[in-house]
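Visitor: Model the structure of this input:
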Amino acid sequence: MLFGKRDLRESFERQAEKVFPSVLGTALRLTRSREDAEDLAQEAIVRAYDAFERFDGTNFKAWMLRIVTNLYINRYRQRQRGPQLGSLDDEGAIEPVSSELELPDRLLFDNAVGAEIEEALAKVPEDFRLAVILSDIEGLSYQEIADATQVPIGTVRSRIARGRSLLRKALEGYAMREGYLKQGATE
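Guide: Numbering: from 1, shown residues only. As a prediction, the model looks like this:
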């Protein structure tokens, strides 16, 4: 049986290595914090490894993103319910780090999605942002998003539509400045 477990572990590692950029990217977009995203992605990998024997084998990426999403939602709910620990001094704490433009994840986002889109996406309310990220960036189906977020598929559709609409409005000024959109084309 030891051979079977090693095969299972190697299979998990191969698949996890392929989808890790999506796992970390989704975690970064959800948390908007590199440190929190790394913690979230790492916890998702550990949870997935522990549960890999129960994976049905159909879509590893969707399964991993569902784990990341569920962990994020659970953490968010815990923060909303629990006491807020920390001090006001912590809020203004400044760490010596390189400029934001030099962060590896920032460089990746600038090339993959664009800073303007990332900034606009960060302003979209949580539920809508999550649906847009899972659909438009990670390529999950509506059913996979419904499963991951535990809401009806109709809710997923409306959240994606609303999220895209908010994103479109947030990007109109940029699109006009860059010449992608002409004045009066949105009216």
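
Visitor: Flag every buried residue along stretch 163-179.
Guide: 163-164, 166-167, 170-171, 174 (16 or more other C-beta atoms under 10 Å). To be clear about C-beta, it is placed using only N, CA and C from the backbone, and glycine gets the same treatment.

Visitor: Tell me the helix or strand right after the top helix by length along the chain.
Guide: Across the chain, the longest stretch assigned as helix under DSSP state H is helix 2-31. Per DSSP states H and E, the first helix or strand lying C-terminal to helix 2-31 is helix 34-51.

Visitor: export that following helix as PDB, just CAs?
Guide: Taking Å, rounded to 0.1, in the frame of the first residue of the first chain, the C-alpha atoms of helix 34-51 are listed here in PDB:
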ATOM      1  CA  ARG A  34       0.600  39.100  -0.400                       C
ATOM      2  CA  GLU A  35       1.100  37.700   3.000                       C
ATOM      3  CA  ASP A  36      -2.500  36.700   3.500                       C
ATOM      4  CA  ALA A  37      -2.600  35.300  -0.100                       C
ATOM      5  CA  GLU A  38       0.400  33.100   0.600                       C
ATOM      6  CA  ASP A  39      -1.100  31.800   3.800                       C
ATOM      7  CA  LEU A  40      -4.400  31.100   2.100                       C
ATOM      8  CA  ALA A  41      -2.800  29.300  -0.900                       C
ATOM      9  CA  GLN A  42      -0.600  27.300   1.400                       C
ATOM     10  CA  GLU A  43      -3.500  26.300   3.600                       C
ATOM     11  CA  ALA A  44      -5.500  25.400   0.500                       C
ATOM     12  CA  ILE A  45      -2.700  23.100  -0.700                       C
ATOM     13  CA  VAL A  46      -2.500  21.400   2.700                       C
ATOM     14  CA  ARG A  47      -6.300  20.900   2.800                       C
ATOM     15  CA  ALA A  48      -6.300  19.600  -0.800                       C
ATOM     16  CA  TYR A  49      -3.500  17.200  -0.100                       C
ATOM     17  CA  ASP A  50      -5.300  15.800   3.000                       C
ATOM     18  CA  ALA A  51      -8.500  15.400   1.000                       C
END
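
Visitor: tell me the average confidence for that helix?
Guide: For helix 34-51, the mean pLDDT works out to 94.

Visitor: Let me see the domain layout of the protein.
Guide: According to automatic domain parsing, the chain comprises the domains 1-80, 101-187.
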